[in-house]
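1. This is a predicted model, with the sequence first.
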Amino acid sequence: MTALEPMIDTHCHLDFEDFAPEREQILERGRAEGIRWFVTIGSGRDEASSHAAVALAHEHRDVIATVGVHPHDARCLDDATFERVAALARDERVVGVGEVGLDYHYDHSPREEQQRAFRLFVRLAREVKKPIVIHTRAAPEDTLTILREEGAREVGGVIHCFTEDASFARSALDLGFDISFSGIVTFKNSEALRDVARVIPTDRLLIETDAPYLAPIPHRGRRNEPSYLAKTAAHLASTLGMDERALRRATTLNAMARFGLSRFEEARQEG
Ligand SMILES: [Zn+2]
Ligand SMILES: [Zn+2]
């Protein structure tokens, strides 16, 4: 049996409460499918999720974290919370700021509050020189405007769980953002999204689970976990007419570069 080509889950929520009792097994199942790195996203209404993500990144040699406040919770972002998340953003095991952004589909927070929080985090990312992990839904113009006005190109980042159109993708690519596909790309009714995937340059493509959400076919509707990334990788490879190993290799290289993971690879080999 040939070894599995490694892959990187660029977006999962390992701090999710439901995962706690079997987190070790979940990580093991992910590794068994070839996951080399888990990027766990700390993003809740306060700094608790960020804190938990950073702790996980220190506990596990193959877990690395990002920190932020989700647009849903932007209304809860006060100065003290922002300062505590900003302090965590400086942690050596933190490789990005996010997920942050705008969600006008749910509008869980007033749009002005979402915009205010988003701008603060783009500035923070520039200050700590780390890429931005963006959640954007039903807010393409405002997302691009804020990224442009706040100089996000300086650090770039990822449009996570991409569901926008090709024109948004092109603008995001121009601004230095890679495009990350989740299990949604495997859904039967996602033909338009697969068409977008076909026009993304291979060196700008990433894959993610967004676990525990958005499980890919054939697990759709159930709790997602990083090991299911293999399904998304296989599906996306066939969509793009690529060999699955080639898709894994390309997306892994892209994620390594985007999050600067080589420096951690050295530490992994030494210890
Ligand atoms: Zn998201
Ligand atoms: Zn997420």
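-> Alright, I've got the coordinates. Ligands and ions are numbered 1, 2, ... in the order given.

2. before we move on, which element is Gly42 in?
-> Using DSSP states H and E, Gly42 falls within strand 35-44.

3. next one: Ala65
-> strand 63-69.

4. follow-up on the earlier one: who are the packing partners of the strand holding Gly42?
-> Applying 3 or more CB pairs under 8 Å, 6 or more residues apart in numbering; DSSP states H and E, one finds that strand 35-44 contacts strand 7-12, helix 48-59, strand 63-69, strand 94-103, helix 244-259. Quick note: C-beta positions are derived from backbone N, CA and C, even for glycine.

5. what's the pLDDT at Thr2?
-> At Thr2, the model reports a pLDDT of 60.

6. Ok, Glu266 next?
-> pLDDT, Glu266: 81.

7. Now do the contacts for Gly44.
-> Applying CB atoms under 8 Å, 6 or more residues apart in numbering to Gly44 gives the contacts Ser50, Val69, His70, Asp73.

8. Same question for His105.
-> Taking CB under 8 Å, 6+ apart, one finds Arg137, Ala138 in contact with His105.

9. Please report the distance of it from Gly156.
-> Distance of His105 to Gly156, given as CB to CB, to the nearest Å: 25 Å.

10. what do you get for Thr10?
-> As defined by CB to CB, Thr10 lies at a distance of 14 Å from Gly156.

11. Common neighbours of the two, please.
-> Arg258.

12. Any chance of the helices and strands packed on strand 35-44 in JSON lines with mean neighbour count and distance to Arg198 as columns?
-> What follows is those, written out as JSON lines (neighbours: other CB atoms under 10 Å; distance: least, CB to CB, whole Å):
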{"stretch": "strand 7-12", "mean neighbour count": "28", "distance to Arg198": "20"}
{"stretch": "helix 48-59", "mean neighbour count": "20", "distance to Arg198": "33"}
{"stretch": "strand 63-69", "mean neighbour count": "29", "distance to Arg198": "28"}
{"stretch": "strand 94-103", "mean neighbour count": "26", "distance to Arg198": "24"}
{"stretch": "helix 244-259", "mean neighbour count": "20", "distance to Arg198": "13"}
